[in-house]
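Novice: got a predicted structure plus its sequence, pasted below:
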Amino acid sequence: MIGHQRGDDRASAQGNASVNGASLSDGYISPARIINAERLWEKGIDGKGINVAVIDSGIDKNHPDLIGKVIAEKNFLANEVTADDLLGHGTMIAGIIAGSGVSSKGEYKGIAPGASLINVKVIDQNGDGRVSDIIAGIEWAIYNGADVLSLSLGGINLGRPIHP
């Protein structure tokens, strides 16, 4: 089981199951389908006019679903010269938020496909980042028009040993 249930819809990686009309043949459920974002889109609510800062590993602005979405960007890493995503995580998050769905013929649109993105790179190609860069990235995003901040970070050690 994938672990999602809503009403009579059941999610399973086996068979021809579906959740809110989304096929699970490949084992993936679009987050937009899980939360029924289509109901908002039908009312014209799609994120238009909202700037979402993705504070992560960067964004691949050339991904077909994200072309034209990034309105500002800044790289806070001293060891990488580009704000482009060399890890892939930030691009995935950006797609979940505001992807157009063009590369999947609309099947995997972001939750708010009308939103604009602010690319704030604070995580390197190895998945590492510094707390000071994250704080600076949050401040920069706020001062540069972010309405929403998205941080999908974890595993901050702060130099202390991790005990089992």
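Specialist: Nice, thanks for sending it over.

Novice: in this structure, where is pLDDT below threshold?
Specialist: By pLDDT under 70, the low-scoring segments of the chain are 1-26, 155-164.

Novice: which residue ranges of it form helices?
Specialist: Listed in chain order, the helices of the chain (DSSP state H) span 31-34, 37-42, 89-98, 131-143.

Novice: right, so of those, which gets closest to residue 78?
Specialist: Taking CB to CB, helix 131-143 is the member of these nearest to residue 78, at 8.6 Å. (Glycine included, C-beta is placed from N, CA and C.)

Novice: could I have that closest one exported to PDB, CA atoms only?
Specialist: Provided in PDB are the C-alpha atoms of helix 131-143 (Å, rounded to 0.1, in the frame of the first residue of the first chain):
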ATOM      1  CA  VAL A 131      22.500  27.200   8.500                       C
ATOM      2  CA  SER A 132      23.900  30.600   7.900                       C
ATOM      3  CA  ASP A 133      23.200  30.300   4.200                       C
ATOM      4  CA  ILE A 134      19.700  29.100   4.900                       C
ATOM      5  CA  ILE A 135      19.000  32.100   7.100                       C
ATOM      6  CA  ALA A 136      20.400  34.500   4.500                       C
ATOM      7  CA  GLY A 137      18.300  32.800   1.800                       C
ATOM      8  CA  ILE A 138      15.100  33.200   3.900                       C
ATOM      9  CA  GLU A 139      15.900  36.900   4.500                       C
ATOM     10  CA  TRP A 140      16.700  37.500   0.800                       C
ATOM     11  CA  ALA A 141      13.500  35.800  -0.300                       C
ATOM     12  CA  ILE A 142      11.400  37.900   2.000                       C
ATOM     13  CA  TYR A 143      13.100  41.100   0.800                       C
END
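
Novice: show me what it is packed against.
Specialist: Using 3 or more CB pairs under 8 Å, 6 or more residues apart in numbering; DSSP states H and E, the elements in contact with helix 131-143 are strand 51-56, strand 116-121, strand 148-151.

Novice: distance from the chain centre to it, please.
Specialist: In terms of CA atoms, centre = their mean, to the nearest Å, the centre of helix 131-143 is set 18 Å apart from its chain centre.

Novice: count of residues packed around the residue nearest to residue 118 when sequence neighbours are not counted?
Specialist: Computed as CB to CB, 6 or more residues apart in numbering, the closest residue to residue 118 that is not its neighbour in sequence is residue 53, at 4.1 Å. By other CB atoms under 10 Å, 25 other residues sit near residue 53.

Novice: no further queries at this time; thank you.
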